[in-house]
Every structure is written in C-alpha cells, then in structure tokens.
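> The following comprises the amino acid sequence and a computationally predicted model.
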Amino acid sequence: MQLNDLKDRLRFARKQAGFTQSQLGELVGLNQSAINKLESGKSKNSGQITSLAMVLGVNPLWLVHGIGEMGYQNDSENMATQTTNIQQTFDITLENNKLKEVMQLFHKRISALETRLSQLEAREALLEEKRLFSSDS
C-alpha cells in the first residue's frame, strides 16, 4: 500500500487503530464528513492534525509529511501517555461542545435584545414625531 499523501496515511492509521470515520471525528471534534474529506484528499488542512495523530497513536510528522516512523514506541509508558492524551482530547472536545452551545444561546439572546432595541427605537421615533406634530398644532 502506497502511503504517499496525508489522505493515505490518515486512512491507514485510522484503520490500524480500529476507528470508523465517525468515531475518529468525535474524538477530535470533527464530523464524519470532515474526516472523509481529509481521507479523500478534498481537504488537506485541519487544525486537528495533532489531535488526530495523538488519538491514532502516530507521529504527527509522519501523518502530515511522511517523515520519520509511523508510530511511537509501544512500551507501557507511551501507551499510558497516549491513553491519557486521548482522554484529555475527548474531555476538551466535550468542553468545546458545551462552550459552543453556550455561545449559541448568547448569540440568540443578543439577537433578541437587538430586535427589541430596534423596536423601542422605532417606537421612540414615532412618539417623537407625534410630540413634534402636536406641538406644531
């Protein structure tokens, strides 16, 4: 199997690790479609390359550029570190998702407040017109 590109190395490493595209995406905060685009070569850039490499247990330089060995040493200390890194990545992903939800709620609230402010400004302008009209009479 030729592993000349990021797409090939990512697919190979994912399959070696036993993940589906959806499972891998969930662990690094991407959806299945984003993983598919990386593996098909439709996308070559992801801010999650380091996270992908950590979760897959591969050297990030190997994953992106094909430099060096594919994996880390498989001694128990490195395995424990990789497991901890995967858990931390998963925890960060969950926290980011919670923050996104909170930000969406804030944006909805701000939008509602802006709408209300516009309504109040329009009402104030009408009242001002009415006041000016009645003072001219």
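Perfect, I can see it now. Numbers count the residues shown, from 1 in each chain.
> Spatially, and excluding backbone neighbours, which residue is closest to V58.
A13 (4.9 Å; CB to CB, 6 or more residues apart in numbering). In short, each C-beta sits where N, CA and C put it, glycine included.
> I'd like the next helix or strand past whatever helix or strand S33 lives in.
Using DSSP states H and E, S33 sits in helix 32-40. Following helix 32-40 in sequence order, the next helix or strand is helix 49-56 (DSSP H and E).
> If you count contacts, what does that next one end up packed against?
On a contact count with 3 or more CB pairs under 8 Å, 6 or more residues apart in numbering; DSSP states H and E, helix 49-56 meets helix 6-17, helix 21-28, helix 60-65, helix 76-136.
> Tell me which of those helices lies nearest to Q48.
helix 21-28 (4.6 Å; CB to CB).
> Could you list the residues in contact with that closest one?
Applying CB atoms under 8 Å, 6 or more residues apart in numbering, the set of residues contacting helix 21-28 from outside is 14, 17, 19, 30-32, 34-36, 39, 48, 51-52, 55-56, 86, 89-90, 93.
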